[in-house]
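K.L.:
Sequence and predicted structure are below.
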Amino acid sequence: MSKEKGFISEFKKFIMRGNVMDMAVGVIVGGAFTAIVTSLNQDILTPILGIFGGIDFSNLKVKLGTGESAPILCYGNFITAVINFLITALVIFCIVKLINKINDKFSKHEETVSTTKKCPYCLSEINIKAVKCPHCTSDLEK
């Protein structure tokens with residue numbers, strides 16, 4: 001029993017980690033996003049491309065052989081899937097680029113304030129408030 005409890009508690013700990021939950025949310029949102037992109041391609045872009053080229057990709061197919069039972073190669077569906085992928089990749093790229101731009105704009109750029117300076121005589125690094133170099137004992141200008 002002790003091994004089972006250990007395994008179950010370890011599994012619960014794994015599931016409740018933030019990155020696993022984030023991944024689950026990403027998969028769910030990705031599925032919904034895929035449906036939107038597929039609809040954009042099939043319901044909007046393909047008909048518009050059909051106007052200019054007279055081609056509806058979903059109807060492109062080649063019959064391999066003769067007879068009713070001959071296999072059919074539906075390469076139009078593949079073209080549609082490739083277009084869906086490219087649109088999805090483009091939109092995700094634009095979203096990530098926008099998020100990175102926003103993060104850069106709002107991230108706190110901490111300016112590092114120097115607390116040291118170089119002695120002009122011996123080039124040793126010394127405290128910025130020093131009036132005399134502790135290494136070469138030269139008097140420093142303020």
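P.N.:
Received, thanks.
K.L.:
what packs against the particular helix or strand that has I92 in it?
P.N.:
Under DSSP states H and E, the secondary-structure element containing I92 is helix 75-106. Packing partners of helix 75-106 (3 or more C-beta pairs under 8 Å, 6 or more residues apart in numbering; DSSP states H and E): helix 18-39. Every residue, glycine included, has its C-beta placed from N, CA and C.
K.L.:
residue contacts, the nearest residue to C122 once chain neighbours are set aside?
P.N.:
Take C122 and drop its neighbours on the chain: the residue closest to it by C-beta to C-beta, 6 or more residues apart in numbering is C136, 3.9 Å away. By C-beta atoms under 8 Å, 6 or more residues apart in numbering, the contact list for C136 reads 119, 121-122, 124.
K.L.:
before we move on, what about N84?
P.N.:
With contacts taken as C-beta under 8 Å, 6+ apart, N84 has the following neighbours: 34, 37-38, 41.
K.L.:
Just give me the neighbour total for the residue lying closest to it once chain neighbours are set aside.
P.N.:
Using C-beta to C-beta, 6+ apart and skipping the chain neighbours, the partner closest in space to N84 is N41 (5.0 Å). Residues near N41, counting by other C-beta atoms under 10 Å, number 22.
K.L.:
and what of C133?
P.N.:
Here the count is done by other C-beta under 10 Å, and C133 has 19 residues near it.
K.L.:
Please report how far the closest residue to it other than its chain neighbours lies from P134.
P.N.:
The spatially closest residue to C133, leaving aside those adjacent along the chain, is C119, at 4.2 Å (C-beta to C-beta, 6+ apart). Computed with C-beta to C-beta, to the nearest Å, the distance linking C119 and P134 is 9 Å.
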